[in-house]
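Novice: need a 3D model of the sequence below.
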Amino acid sequence: MEIVGDLTDSEPSIFVFVDESGDLLPKEVGTTHLVLSAFITKSPSVAACKVNKLRYSLLSRGFNFENFHAADDSRLVRFEFLKQIREIRDAKGVTIGIEKMENTTSHKLVGIYIKLLAQIAAEVIRLNVNNSPITFLIDPTLDKKSRSEAKRVIKHVFNSSNQRNLIYFQSMKRDSCGQIADYLAWSHFQKVERKTDSYLQIIMDSFETRFLELDDPPG
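Specialist: This next block holds a predicted model:
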């Protein structure tokens, strides 16, 4: 008979939820920009509660609603979502984007994607003034081989600074906090791709958001 002990509470962790907007296709056939964004909080259950509260409210009002996804949501739902997250405390946003170069292949864009993840990880270290454990969750956009490489690179960034860490690839679409990361990435993407920053401005008014630049820009 298997004996399972009680789970004990671990030291409070920083949770980082990372999602992207744009695609990994060459500029000639895909988007012009690629954006990665992170929603960072020590209170993921509180933030998730805000998102779930809105979802249940929409269901009760006749919306057949499963999850929030900025690119697919109506304008009404977007503003309801952004209004809800204004109530979130103890959170920060980090976002970074690049404009694709001409003739950059999908293979090279995967490498750039991993560099963007590493840049976000380095910023999390800077923000982690209390040296808390880091739980880093990434949308599984990359294929299995590339996810392994990304995990290796991010592990190296954290371990080089003696940061305790766990790294997972999980669907941001299915995670309430991941949906906040999706909205941040989409809003940043709208600014660089569509030249509109109305959604991004609301997020910036909700919680501190830092914009990063890639240390090694694609050439």
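Novice: I'd like the average pLDDT over the helix of greatest length in the chain.
Specialist: Counting residues, the longest helix found in the chain (DSSP state H) is helix 106-127. Across helix 106-127, pLDDT averages out at 97.
Novice: contacts for it, please.
Specialist: Contacts of helix 106-127 from elsewhere in the structure, counted by Cβ atoms under 8 Å, 6 or more residues apart in numbering, are 14, 16, 18, 20, 24-26, 34, 36, 38, 40, 92, 94, 96, 98, 100, 104, 134, 136, 138, 141-142, 146, 149-150, 153-154, 157-158, 161, 163, 210, 212, 214-216, 218. Yep, even glycine has a C-beta here, placed from its N, CA and C like the rest.
Novice: mind listing which of those residues are in strands?
Specialist: 14, 16, 18, 20, 34, 36, 38, 40, 92, 94, 96, 98, 134, 136, 138, 210, 212 (DSSP state E).
Novice: so the residue nearest to residue 84 when sequence neighbours are not counted is in which element?
Specialist: Nearest residue to residue 84 in three dimensions, chain neighbours excluded: residue 54, at 4.6 Å (Cβ to Cβ, 6 or more residues apart in numbering). Using DSSP states H and E, residue 54 maps to helix 44-60.
Novice: give me the below-cutoff pLDDT ranges for this protein.
Specialist: By pLDDT under 70, the weakly predicted segments of the chain are 1-10, 217-219.
Novice: how about a cut-off of 50?
Specialist: 1-5, 7 (pLDDT under 50).
Novice: returning to what we had before: the residue nearest to residue 84 contacts residue 80, doesn't it?
Specialist: Yes - counting by Cβ atoms under 8 Å, residue 54 touches residue 80, with 6.1 Å between them.
Novice: that older thread, give me the buried entries from the contacts of helix 106-127.
Specialist: 14, 16, 18, 20, 24, 26, 34, 36, 38, 40, 92, 94, 96, 98, 100, 104, 134, 136, 138, 141-142, 146, 150, 154, 157-158, 163, 212 (16 or more other Cβ atoms under 10 Å).
Novice: residues of the helix holding residue 54 that come out buried?
Specialist: For helix 44-60, by 16+ other Cβ under 10 Å, it's 44, 47, 48, 50, 51, 54, 55, 58.
Novice: looking at these, which one is closest to residue 30?
Specialist: Taking Cβ to Cβ as the measure, residue 30 lies nearest residue 51 of these, at 28.9 Å.
Novice: correct me, but the closest one touches residue 175?
Specialist: No - applying Cβ under 8 Å, one finds residue 51 not in contact with residue 175, separated by 9.3 Å.
Novice: residue contacts, residue 88?
Specialist: 41, 46, 47, 50, 180, 206, 207.
Novice: measure it to residue 96 for me?
Specialist: 21 Å (Cβ to Cβ, to the nearest Å).
Novice: quick check: end-to-end length of stretch 81-101?
Specialist: Using Cα to Cα, to the nearest Å, one end of stretch 81-101 lies 33 Å from the other.
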